[in-house]
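K.L.:
no sequence for this one, just the structure:
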């Protein structure tokens, strides 16, 4: 888990007290994130990344 990012979200964005943040379950924190930002998509897999790189290659000007 990326605790610095989760803490920033919970304590900063959601403005939870430390006690409220640390008493939440990961499922509760995830539900709060979805309520605020919508559903989180799955990470891109290797074939999808390869297709994207072929479609939009990095080129030097």
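P.N.:
Arrived safely, thanks for sending. As the structure is a prediction and not an experimental result, all values here were calculated from the model.
K.L.:
which residues in the chain form helices?
P.N.:
Assigned by DSSP state H, the chain shows helices spanning 3-7, 18-23, 26-37, 46-55.
K.L.:
make JSON lines out of the ones you listed and add mean neighbour count.
P.N.:
For glycine as for every other residue, the C-beta is placed from the backbone atoms N, C-alpha and C. As requested, the helices of the chain are exported to JSON lines (neighbours: other Cβ atoms under 10 Å):
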{"stretch": "helix 3-7", "mean neighbour count": "11"}
{"stretch": "helix 18-23", "mean neighbour count": "11"}
{"stretch": "helix 26-37", "mean neighbour count": "12"}
{"stretch": "helix 46-55", "mean neighbour count": "10"}
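K.L.:
okay if I get those as a markdown table plus mean pLDDT?
P.N.:
Supplementary listing: those in a markdown table, determined by pLDDT from 0 to 100:
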| stretch | mean pLDDT |
| --- | --- |
| helix 3-7 | 88 |
| helix 18-23 | 95 |
| helix 26-37 | 86 |
| helix 46-55 | 91 |
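K.L.:
ok, now which ones touch residue 11?
P.N.:
By Cβ atoms under 8 Å, 6 or more residues apart in numbering, residue 11 lies in contact with 18, 21.
K.L.:
now residue 2: how far from residue 21?
P.N.:
15 Å (Cβ to Cβ, to the nearest Å).
K.L.:
whoops, residue 46 was the one
P.N.:
Spatial separation of residue 46 from residue 21 under the definition Cβ to Cβ is 35 Å.
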